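**Student:** Got a predicted structure plus its sequence, pasted below:
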Amino acid sequence: MINNDKKPDVHLFEGESLITLPFLILFPAAIAAILLLVPGDTWRRLIVQAGALIIGIASLYLLFITPGAGQAFFPVTGGWITTLMFIAEMIIAVFLIYLGIKHKKYLALFLVVAQAALLIFYETSAAHGAHIVPDLFIDQLSLIMALIIGIIGSLICVYALGYMATYHELHPDVKDRRRSFFFLVFLFIASMFGLVFSNYLPWVFFFWELTTLCSFLLIGYSGTGEAVNNSFLALNMNLLGGIAFAGALIYLAVISPGGDLLSISTLIQSGHVVALIPAVLIGFAGITKAALMPFSAWLVGAMIAPTPVSALLHSSTMVKAGVYIIVRFSPVLTGTTEGLIIALLGGFTFLLASAIAISQSNAKKVLAYSTIANLGLIVACAGVGTYKLVWAAIMLIIFHAIAKSLLFLCVGTVEHRIGSRDIEDMTGLIVRMPKVAVMMLVGIAGMFLAPFGMLISKWAAIEAFIDAPFGLIFVAILAFGGSITVLFWSKWMGKIISVCPVAELVENRISRQKWIVLSLLTAMTVFVCLAFPIISSHLIEPFVLSVYGQTARLSQDNIIIMAMMLFLLMIMPFSLLWFRKEKNIVAPYMAGRPATPDLHFLGSMGVQRQVGLGNYYFEGIFGEKKLFMAGTALCFGLILLMGTLTAGVAL
Amino acid sequence: MTWLSKSPWILHYDASSCNGCDIEVLACLSPLYDVERFGIINTGNPKHADVLVITGGINEQNREVVRNLYDQMADPKVVVAVGICASSGGVFRECYNVVGGIDCIIPVDVYVPGCAARPESIIDGIVKALSILEEKKRGTHISQAPRQGAGGLR
Amino acid sequence: MISIMNALIFIVAAPFIGGLVAGIDRKLTARMQGRVGPPILQPFADVGKLFEKKQIVVTPSQHVHTLSYLVFIVASGALFFAGGDLLLVIFAFTLAHLFLVLGAYSSYSPYSFIGAERELIQIIAYEPMIILAAVGMYLVTKSFFVWEIMASELPLILYLPGVFLGFLMVLTIKLRKSPFDLSTSHHAHQEIVKGVTTDFSGPMLGRVEIAHWYENVFLLGFIYLFFAWNPLIAIIAIIVVYLLEILIDNTFSRGTWQFTLKSSWIIAGMMGLVNLGVLYYLSAVVPA
């Protein structure tokens, strides 16, 4: 790690070149509206693909208009927009109340009413004096988020076209509501763009609530009892966060009647005394959205949704909104006890969720717990919030988004071909679906292996935590948690890579769109590893520099060495071309028992048996129930402590 | 001179021995005889082994197993039949389920007589097998087809 | 500075040192058991023989995994001796080990499979302690680069006694010594046939064996770091530690995987973390 002690240079840009920001919010929303109206499948395909392409290009275009350092602002005149948002929020509240009554979910009902009441209070009394002009803004953090949303999000949309068609073939009992499905997905993307571009907190809140709504409706897509229950679980937990967010808005409106503090950029620069309480409240909202330990259940429950939804929730939207807001506020949180508690929450979540992942055999659940773990790590970095750690946190966000979306889409593809999402059923995938298996292996390697991205970030995090206050706790968490991660990913890899003697090729009937999306994501996983020094120097370091006045980066030697490792890693598989002509193939050792080619052997009492190999899951040590209880208790305690401290500061 | 004879790893299999010869084979590994002096290791895994040491005769239960173990060994390899039962079926030769000596299933290179075979003669047999191993490596060894034992025709 | 010369010396010399150490190990083990034991150069004969054998495979992909295992072990060790970043070295070794595990998984055999699972358990058992050892060295020398740790005048062992004891504990796992030789083991020892190496044979097994030599030399180098301020003491320490490991190997019976995991985590937690905590506290309270 090298420190660059340079002064931050803050440039303020205003002007028409930022027309792309409103475009990126409004265009996906418009596509969403069109998709709601278009009935036919052919048109839908066309619109989704064209829309995704345009969103992708527009987000790439952002690369050229974002200032090299500092933030660029785009004031939006017209108070009616804010009013419109308020009305929309009220309509959403009424809609949710209706659904709550319909499904007899009274807790959700209560939370919706509470939140709406807070909003009405805010709108009618607290925010009266506010006179500032709301604005959109962009800096490198927003840009990174926008690229993730724009590129990965739209790729997932394209993938969903093929997936949902197969999904409805395989689940004839589920009502085909693909129109509203794609409407929601694009609305989701629009609101994520809004969330990362808004500087004005009430707008952030509006988009925040939109993502909650979209995820709620998408999780309940299939309409089965379990789906509805899980969607309400997600709604309840996110509403809790929403209430805290609304509380932050009211607090800010009360302490600054002019409304100056309602813009993020001002708030962050206003120092601990003013900004800490809203930062903690918003941080709490971020924790619920990022599904950290006491609230992790909703993200695990969300697995019931069709796989593209899971991919969207886990990689580019929703949970990333939670960590985005915490990274945004990490300059406020750094060095405070509250920030440390948030970081501890993240750290324990990382450790425990990784451990739980060991005991899971359902691939989507493993992915879910790994997401929760990594979000925990990001929050741990952002909560301690030194400049090196923020650097690591942003790296984690990027790498995680790409690798995780790839893995979800691979699992979705495999599930449709072999009819199971259980890792045990993926034995010999390398023979049965070679291309998808290789992509999956790249994705898994991207999650935990040197020299791929996630490991670089974890490594940077270890180095950064050592110099941070109370960093030793986190170093220990990373040392243990990191090695636990190795276990559950490797045994999954092992399952895929077993060359099972009776496997037949089932890699047909996968649509072209799926192939394109999967290949692009695989290429991106490798590409970001190669290009990460550039990503770091052009996107992350300027942001960290502008916020902290100094920045971190990996040393040149290490980058060269890792590039060499990646190169080695890529050429090793080609040695198979040399070894392929191996003639002397014998059966695996079976203690001398003669076995048939499909590994049937004569067991005791003259019974024919087949070899079956199953992974270890260590239920006794890493059981879900036990660790989840422990994590909930621990993290709930931490939240109570944080609440007490914050209340103490507030009074 | 090849490395082969300096590092013979053996696989010991008890076909249907009365355990007399087995105890003597294991005695070779004990401090008194210590065959590791010659680099001999008891691997317990055909894929690692160079010398297959078999005690006891072939019966209906294990004929497939012996064949399988032999097939899973990488060339060059030698087989040592230890004890009279392994060599010819011995006193069990006429039993209803006994096929005969090892050589009715797989080619045997060295026969070590005795009931039970003494450790000295077992070591002697293995050392003899090593020169055959060398010959096999050089390709000068003339292999013999498995002999049909008395019981093998049944 | 990063020294490519040292890396090259490692690549050339390590197999000879590693093989010699293995030979001495076998001889001493035999003497402890009242046997004469094999010649000191026996391991070289073993590997030479393995390369003389005809190759048999269960699946050709085993070749790719074992070759990758060897290549990455050599690369990681070279990085260590070149003076590279210690954490990167550790992660590179994890990558290398993964290939051994995948090689065992690829054959779809029950024995290799259990070996692979156990090898993974061993990895999670020793990895935290090794990372903590690297962190401890950083806390004392303020650098993760091996060449800077080597150049440090400070007697690391006096600052890191707990970390060193914890490291000795996991060293037993890494050297595949009893009571932790679960996934595969040495000499004539057997455990679930041969664990991860069950379905490797001939030249492929030879590769795995050479990789193991390279890794052992790296591990001895890691011990050296604790005593780097005085090369003479360092070499004596390496000899003493290795003798101790042989003694442990010969006096313990094999444990279960639960025992391995729990004991190494608890020892790492107690010894390593307490030691680091004290250092951390001192560096926070007493400014250097």
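**Tutor:** Great, that's in hand. Residues are numbered from 1 along each chain as shown, chains lettered A, B, ... in the order given.
**Student:** can you list the residues that contact the lowest-mean-pLDDT helix or strand in chain C?
**Tutor:** Of the helices and strands making up chain C, the lowest-confidence element is helix C:274-285, at a mean of 82, by mean pLDDT, DSSP states H and E. Helix C:274-285 is contacted from outside by A:469, A:471-472, A:475-476, C:132, C:135-136, C:139-140, C:159-163, C:166, using CB atoms under 8 Å, 6 or more residues apart in numbering or on different chains. In short, each C-beta sits where N, CA and C put it, glycine included.
**Student:** quick one: residue A:354 and residue A:483 touch, right?
**Tutor:** No - contact criterion CB atoms under 8 Å: residue A:354 and residue A:483 do not qualify, at 9.2 Å.
**Student:** who has more neighbours, these two?
**Tutor:** For residue A:354 versus residue A:483, neighbours defined as other CB atoms under 10 Å in any protein chain shown are more numerous around residue A:354 (30 against 23).
**Student:** is stretch C:53-65 anywhere near chain B?
**Tutor:** Yes - in terms of CB under 8 Å from any CB of the partner chain, part of stretch C:53-65 sits within range of chain B, namely C:53-56.
**Student:** Check those residues for burial and list the buried ones.
**Tutor:** Buried residues within these, defined by neighbour count using 16 or more other CB atoms under 10 Å in any protein chain shown: C:53, C:55-56.
**Student:** quick one on the thing from earlier: ok now the least confident helix or strand of chain C, how far from the chain's centre?
**Tutor:** Chain-centre distance of helix C:274-285: 28 Å, with CA atoms, centre = their mean, to the nearest Å.
**Student:** quick one: buried residues of that helix?
**Tutor:** Neighbour-count burial for helix C:274-285 [16+ other CB under 10 Å]: C:275-276, C:279-280.
**Student:** from those residues, which is closest to chain B?
**Tutor:** residue C:275 (40.2 Å; CB to the nearest CB).
**Student:** Just give the nearest non-adjacent residue to that closest one, would you?
**Tutor:** residue C:162 (3.0 Å; CB to CB, 6 or more residues apart in numbering or on different chains).
**Student:** that older thread, now the residues of stretch C:53-65 next to chain B in TSV, with secondary structure and pLDDT?
**Tutor:** Formatted as TSV, the residues of stretch C:53-65 next to chain B follow (DSSP: H, G, I helix; E, B strand; the rest coil; pLDDT from 0 to 100):
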residue	secondary structure	pLDDT
C:53	coil	87
C:54	coil	87
C:55	coil	87
C:56	coil	87
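**Student:** List the contacts of the longest helix along chain B.
**Tutor:** Using DSSP state H, we find that the single longest helix of chain B is helix B:119-138. By CB under 8 Å, 6+ apart, the residues outside helix B:119-138 that reach it are B:1-2, B:4-5, B:8, B:10, B:24-25, B:27-28, B:32-33, B:35, B:38, B:40, B:50-51, B:53, B:75-78, B:80, B:82, B:109-114, B:117, B:141, C:52.
**Student:** Ramachandran coordinates for residue C:229?
**Tutor:** Note on residue C:229: backbone dihedrals following degrees, to the nearest 10 are phi -70, psi -20.
**Student:** Return the distance of the residue nearest to it when sequence neighbours are not counted relative to residue C:226.
**Tutor:** The shortest distance from residue C:229 to any non-neighbouring residue, by CB to CB, 6+ apart, is to residue C:155 (5.1 Å). Taking CB to CB, to the nearest Å as the measure, residue C:155 falls 9 Å from residue C:226.
**Student:** Just want to know which of those two has more residues nearby.
**Tutor:** More crowded of residue C:155 and residue C:226, by other CB under 10 Å: residue C:226, with 26 against 15.
**Student:** Using CSV, list the CA coordinates for stretch A:442-449.
**Tutor:** Taking Å, rounded to 0.1, in the frame of the first residue of the first chain, the C-alpha atoms of stretch A:442-449 are listed here in CSV:
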residue,chain,number,x,y,z
VAL,A,442,-14.4,-18.8,-13.4
GLY,A,443,-17.1,-17.2,-11.3
ILE,A,444,-16.2,-19.3,-8.2
ALA,A,445,-12.5,-18.6,-8.7
GLY,A,446,-13.5,-14.9,-8.9
MET,A,447,-15.0,-15.1,-5.5
PHE,A,448,-12.1,-16.4,-3.5
LEU,A,449,-9.0,-17.2,-5.4
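**Student:** avg pLDDT for that stretch?
**Tutor:** For stretch A:442-449, the mean pLDDT works out to 89.
**Student:** touching chain C at all, it?
**Tutor:** Yes - using CB under 8 Å from any CB, we find that stretch A:442-449 touches chain C at residue A:449.
**Student:** can you list contacts of that stretch?
**Tutor:** If you take CB under 8 Å, 6+ apart as the criterion, stretch A:442-449 is touched by A:370, A:399-400, A:402-404, A:406-407, A:410, A:452-455, A:482, A:485-486, A:489, A:492-493, A:521-522, A:525-526, A:529, C:94-95, C:98.
**Student:** Likewise for stretch A:137-144?
**Tutor:** So stretch A:137-144 is contacted by A:18, A:21, A:62-63, A:65-67, A:69-74, A:146, A:196-199, A:264-265, A:324, A:327-328, A:394, A:397-398, A:539-540, A:542-543, A:546 (CB under 8 Å, 6+ apart).
**Student:** For it, the averaged confidence score.
**Tutor:** Mean predicted lDDT for stretch A:137-144 stands at 88.
**Student:** just checking, what packs against the helix or strand harbouring residue C:233?
**Tutor:** Per DSSP states H and E: residue C:233 is located in helix C:231-251. Packed against helix C:231-251 by the contact rule (3 or more CB pairs under 8 Å, 6 or more residues apart in numbering or on different chains; DSSP states H and E) you find helix C:4-32, helix C:161-174, helix C:203-226.
**Student:** For residue A:245, find the nearest of the ones you listed.
**Tutor:** helix C:161-174 (44.5 Å; CB to CB).
**Student:** Name the residues of that closest one that come out as buried.
**Tutor:** C:162-174.
**Student:** ok so, going back, put together CSV for the buried residues of helix C:274-285, with distance to residue A:235 on each row.
**Tutor:** Output for those, formatted as CSV (distance: CB to CB, whole Å):
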residue, distance to residue A:235
C:275, 48
C:276, 43
C:279, 48
C:280, 43
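**Student:** ok, so of these, who is nearest residue A:414?
**Tutor:** Distances from residue A:414 to the buried residues of helix C:274-285, taken by CB to CB, are shortest for residue C:276, at 42.6 Å.
**Student:** Could you save the helices and strands packed on helix C:231-251 as JSON lines and add columns showing mean pLDDT?
**Tutor:** Formatted as JSON lines, the helices and strands packed on helix C:231-251 follow (pLDDT from 0 to 100):
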{"stretch": "helix C:4-32", "mean pLDDT": "92"}
{"stretch": "helix C:161-174", "mean pLDDT": "90"}
{"stretch": "helix C:203-226", "mean pLDDT": "92"}
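**Student:** Select the longest helix from chain C.
**Tutor:** Max-length helix for chain C by DSSP H is helix C:110-141.
**Student:** just to revisit the earlier point, in helices only, show me the contacts of stretch A:442-449.
**Tutor:** Those of the contacts of stretch A:442-449 lying in helices (DSSP H): A:370, A:399-400, A:402-404, A:406-407, A:410, A:453-455, A:482, A:485-486, A:489, A:492-493, A:521-522, A:525-526, A:529, C:94-95, C:98.
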